[in-house]
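Peer 1: Sharing a model prediction with you, sequence too.
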Amino acid sequence: MQQILPSIFEGDDFPGYDKVKLSYQQLHTIITRGKRDWISAIENQKAVYVITDKSNGKLYIGSATSNSGMLLQRWSSYVQNGHGGNHALKQLVVENGIDYVKQHFQYAILENYNAKIDDTIILQREAFWKEVLQSRSFGYNRN
């Protein structure tokens, strides 16, 4: 007699940097289960990313540099506390709870770079996207 063991869904395979669009729950699964293809794809990547609050359309533009521990470390901090240390997101979590983030936030990569690119380029691109997407005026960016 054979038994079929249930397989645990561990999320979709890494689709490529230009196709990353994750809910909080998907990101949580990737980080907590250590999904190898995702981890190897983002652990040494610098990036400019966007967090979208799907309940109101507000955006947060962030960056992952060598100073912030690359993309894996940045996104792990969002899974851990919902705000990653950002002031406006921290205030949102205090006011609405982590469940708000779990229900409404989506994470995507705007631009990705290898580890050798200078951090100042990443920070310049982050500032560019904040300007283009008006995330200081209408979103969660305060700097």
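Peer 2: Arrived safely, thanks for sending.
Peer 1: Flag the shaky bits of this structure, pLDDT-wise.
Peer 2: With pLDDT under 70 as the threshold, the chain has low-confidence stretches at 1-10.
Peer 1: Spell out, range by range, the helices that occur in it.
Peer 2: 24-32, 36-42, 70-81, 87-96, 98-104, 119-133, 135-138 (DSSP state H).
Peer 1: I'd say residue 136 and residue 130 touch.
Peer 2: Yes: counting by C-beta atoms under 8 Å, residue 130 is a contact partner of residue 136 at 5.6 Å. Backbone N, C-alpha and C define where each C-beta goes, glycine included.
Peer 1: more neighbours, the two?
Peer 2: residue 130 (22 against 15; other C-beta atoms under 10 Å).
Peer 1: need the contact list for the more buried one.
Peer 2: 61, 136, 141 (C-beta atoms under 8 Å, 6 or more residues apart in numbering).
Peer 1: Now do it against residue 14, distance only.
Peer 2: Residue 130 sits 27 Å away from residue 14, going by C-beta to C-beta, to the nearest Å.
Peer 1: what's the answer for residue 89, then?
Peer 2: To residue 14, residue 89 is 25 Å away according to C-beta to C-beta.
Peer 1: Could you tell me the end-to-end distance of stretch 133-143?
Peer 2: Length of stretch 133-143, first residue to last, C-alpha to C-alpha, to the nearest Å: 14 Å.
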